[in-house]
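>>> give me coordinates for this.
(one chain, ligands or ions: 1)
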Amino acid sequence: MKFFLDTANVDEIKRINELGLVDGVTTNPTIIAKEGRDFEEVIKEICSLVDGPVSAEVTGSQAEQMITEAEVLAKWARNVVVKIPMTEQGLKAVNTLSKKRIKTNVTLVFTVAQGLMAAKAGATYISPFLGRLDDIGTDSMALIKNLRKVLDNYGYKAEIISASVRGLEHVEKVAELGADIATIPGNLFPKLWSHPLTDKGIEQFEKDWATFSNR
Ligand code: E4P
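Residues are numbered from 1 along each chain as shown. Got it, this is the predicted structure:
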C-alpha cells in the first residue's frame with residue numbers, strides 16, 4: 001500500500017519522509033492557504049523533497065482554463081500531478097490531459113459513478129473523500145469497496161487515493177478493502193506507528209533493565 005502525505009507543510013514532509021514512508025503528497029487550495037506561502041514555491045519545494053507524485057490543484061472552472069493551468073503546473077517538476085475537480089468540465093480537461101500524457105488526480109469524488117467517469121476519462125488517480133461522506137451519514141467504506149470492484153471489473157488502471165482521512169480506522173479499513181493509496185494528514189501519520197501499550201511496555205522494560213543493571 002502507498003501512503004501519501006496530505007499536507008503542504010515541508011517540515012512535516014521532511015520528518016515523515018526520513019522514515020521512508022512517504023510515497024507522494026497531496027495538496028488542495030485549503031492546505032496550501034494554511035501555509036501562507038507562494039503556491040509555486042511550495043509545490044516546487046515539495047517536489048524536490050519527495051520522489052513520488054505531488055498533487056497540485058487547478059483553480060479554473062472551465063476545461064480550457066484547467067488545461068492551461070495544468071500545462072503550467074506540469075512544467076514545475078517531473079512529479080507534479082494535476083488535481084482536477086469532479087465536474088463535467090473537469091472530465092473534459094482530464095480527457096485532453098490524458099492524451100497529452102499529463103497525470104491527473106480527480107478530486108471530490110463521492111460516488112462509484114463519479115469514480116467510474118473519472119477512470120473512463122483517463123484519470124491517473126481518483127480521490128474519494130471519506131471523512132466528508134461520513135459527515136453526511138454515508139458509508140464511505142462501501143464507496144471504496146464498490147469502486148475497487150468496479151475498476152477491477154473493467155481493468156481500469158486508475159489508482160484509488162483514499163482522501164479526507166480522519167482516523168486510524170479509515171486507514172486500516174481501506175487497506176483491507178484494497179485502496180491503492182491513503183493520503184494522510186501530517187498530524188494523523190504518527191498514529192499509524194503508535195500505541196499507548198507500546199509506550200507503556202517500553203517504560204516498563206526500561207525500569208526493569210535499570211533494576212537489573214544496578215545489581
Ligand atoms: C486530498 O486530496 C483532499 O483534498 C483532502 O484529503 C481533503 O481532506 P478534508 O476533507 O479533511 O478537507
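
>>> in the protein, which helix or strand is least confident?
Sorting the helices and strands of the chain by mean pLDDT, DSSP states H and E puts helix 196-213 at the bottom, at a mean of 93.

>>> that helix: how far from the chain's middle?
Taking CA atoms, centre = their mean, to the nearest Å, one finds the center of helix 196-213 at 37 Å from the center of the full chain.

>>> tell me the mean pLDDT for stretch 115-129?
Regarding stretch 115-129, the rounded mean pLDDT is 98.

>>> can you list the residues that contact that stretch?
26, 53, 55, 81, 83-84, 86, 91-92, 94-95, 97-99, 103-110, 140, 143-144, 147, 150-151, 154, 156, 158-164, 181, 183 (CB atoms under 8 Å, 6 or more residues apart in numbering). (C-beta placed from N, C-alpha, C; glycine too.)

>>> how about the residues of this structure by the ligand?
Applying CB under 6 Å from any ligand atom, we find that the chain lies next to the ligand at 6, 26, 28, 107, 127, 129, 131, 132, 163, 164, 183.

>>> of those residues, closest to residue 40?
residue 28 (15.7 Å; CB to CB).

>>> got phi/psi on the residue nearest to that closest one when sequence neighbours are not counted?
Leaving aside its sequence neighbours, residue 28 sits nearest to residue 57 (CB to CB, 6 or more residues apart in numbering; 5.2 Å). Main-chain torsions, residue 57, degrees, to the nearest 10: phi -90, psi 140.

>>> what segments of the protein are helices?
For the chain, the helices defined by DSSP state H cover 10-17, 29-35, 39-49, 63-76, 88-99, 112-121, 130-135, 140-154, 168-177, 196-213.

>>> what packs against the fifth one?
Using 3 or more CB pairs under 8 Å, 6 or more residues apart in numbering; DSSP states H and E as the contact criterion, the elements in contact with helix 88-99 are helix 63-76, strand 80-85, strand 104-109, helix 112-121.

>>> adding mean neighbour count, write those out as TSV.
TSV is the format used below for the helices and strands packed on helix 88-99 (neighbours: other CB atoms under 10 Å):
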stretch	mean neighbour count
helix 63-76	18
strand 80-85	24
strand 104-109	26
helix 112-121	20
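
>>> I'm done for today, thanks for sticking with me.
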